[in-house]
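Participant: model this:
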Amino acid sequence: MNARTSTTGLLLWLCISRAALAQADTIPRTNLFTWRDLAIVEAFAILAVAAAPLDVRMAHRLRDSTLQANQRLREAARIVRTIADPGAFVIGAGMYAYGRLAKNAKAADLGLHGTEALVLGHTLGLVLKGTVGRARPYHNIDNPHDYQLMRGFGRGNEAFRSMPSGHTIAAFAAAAAVTSETSRWWPSSVWYIAPAMYGGATLTGISRMYNNRHWASDVITGAAIGTMAGVMVVRWHFSHPGNKFDRIFLGGSLRQTSTGWNAFSLQLGPGF
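Facilitator: Here you go, the predicted structure:
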């Protein structure tokens, strides 16, 4: 890759690292949105603006015939894309189910809150895709400024739902939720969980550019949305212990009946 592409990738990694390290700090439970969050959002915004002039250059670079002919790269792009969506949703739901069946509270928490972050990020992404109406690179790789308000809504408008990248949102929402949740249980884990999760999420974003589905600025915007969705969902639950949502989905239990069948019982706390 050329120097500009490498520089943009470095800036993205620095921004992601800042987001990850911010999660290692103790966050006041009374504040849903903190100054660290503002710093993260500002960093992503600066990065998106910086990357915008490079959208065409990076798109052409990744469409290089040699890169596109590489079967290993194509397979890797397919794998990380699938892991992000629908994989992240399947993994989240599966972890929640396992946690409930095995009575593993941490697994159930992680699965539930991670899935919530995915749904929140996915919903925001769909709204923005439809509203912004940006054309994907495959529509015209030389025109990254093709926007039209509300054009992304409706059937047959898939080519105009470029911003933000939905797969990148899912990947970063999962990364942020897992990092935020586990860092509260095991503070020292952030130093190895964060690089693994955010590194995989970054590869997802690159794969979407490699597949000519998104511009670099789409990926960065998706990373920002996903990161904040994951951080906010986990923080809200930890700042609202015993909330109604958790009492519904984490308060029930499986028990064995006299007939040998498993039954689900739900016990809601007072004030529901």
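
Participant: next, the buried residues of stretch 60-80.
Facilitator: 62-63, 77, 80 (16 or more other CB atoms under 10 Å). All C-beta spots, glycine's among them, are computed from the backbone N, C-alpha and C.

Participant: list the ones among those that fall in helices.
Facilitator: Within these, residues falling in helices by DSSP state H are 62, 77, 80.

Participant: picking that back up, which pair of the buried residues of stretch 60-80 spans the longest distance?
Facilitator: Taking CB to CB as the measure, these span a maximum distance of 18.3 Å, between Arg63 and Val80.

Participant: what segments of the stretch 151-272 of the chain are helices?
Facilitator: 166-185, 190-210, 216-239, 244-250 (DSSP state H, counting those that start in this stretch).

Participant: now render those as TSV, adding mean pLDDT, distance to Gly111 and mean neighbour count.
Facilitator: Output for the helices of the stretch 151-272 of the chain, formatted as TSV (pLDDT from 0 to 100; distance: least, CB to CB, whole Å; neighbours: other CB atoms under 10 Å):
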stretch	mean pLDDT	distance to Gly111	mean neighbour count
helix 166-185	96	10	28
helix 190-210	96	15	21
helix 216-239	95	12	26
helix 244-250	85	10	15
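
Participant: distance to Phe33 for those - can I get that in CSV?
Facilitator: Listed next are the helices of the stretch 151-272 of the chain as CSV, based on distance: least, CB to CB, whole Å:
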stretch, distance to Phe33
helix 166-185, 14
helix 190-210, 20
helix 216-239, 8
helix 244-250, 19
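
Participant: and these: which comes nearest Asp37?
Facilitator: Taking the helices of the stretch 151-272 of the chain one by one with CB to CB, helix 216-239 is closest: 6.8 Å.

Participant: list the residues that contact Asn143.
Facilitator: Ala135 (CB atoms under 8 Å, 6 or more residues apart in numbering).

Participant: if you set the cut-off to 10 Å instead, what comes out?
Facilitator: When contacts are counted by CB atoms under 10 Å, 6 or more residues apart in numbering, Asn143 is found next to 55-56, 135, 137.

Participant: got it, and Phe33?
Facilitator: So Phe33 contacts 41, 228, 231-232, 235 (CB under 10 Å, 6+ apart).

Participant: one more time with 8 Å
Facilitator: So Phe33 contacts Met232 (CB under 8 Å, 6+ apart).

Participant: sketch out the low-pLDDT regions of the protein for me.
Facilitator: Residue ranges of the chain with pLDDT under 70: 1-30, 252-272.

Participant: where do the strands of it begin and end?
Facilitator: Along the chain, counting by DSSP state E, strands occupy 252-256, 262-266.

Participant: mind checking how far stretch 180-187 is from the chain centre?
Facilitator: 18 Å (CA atoms, centre = their mean, to the nearest Å).
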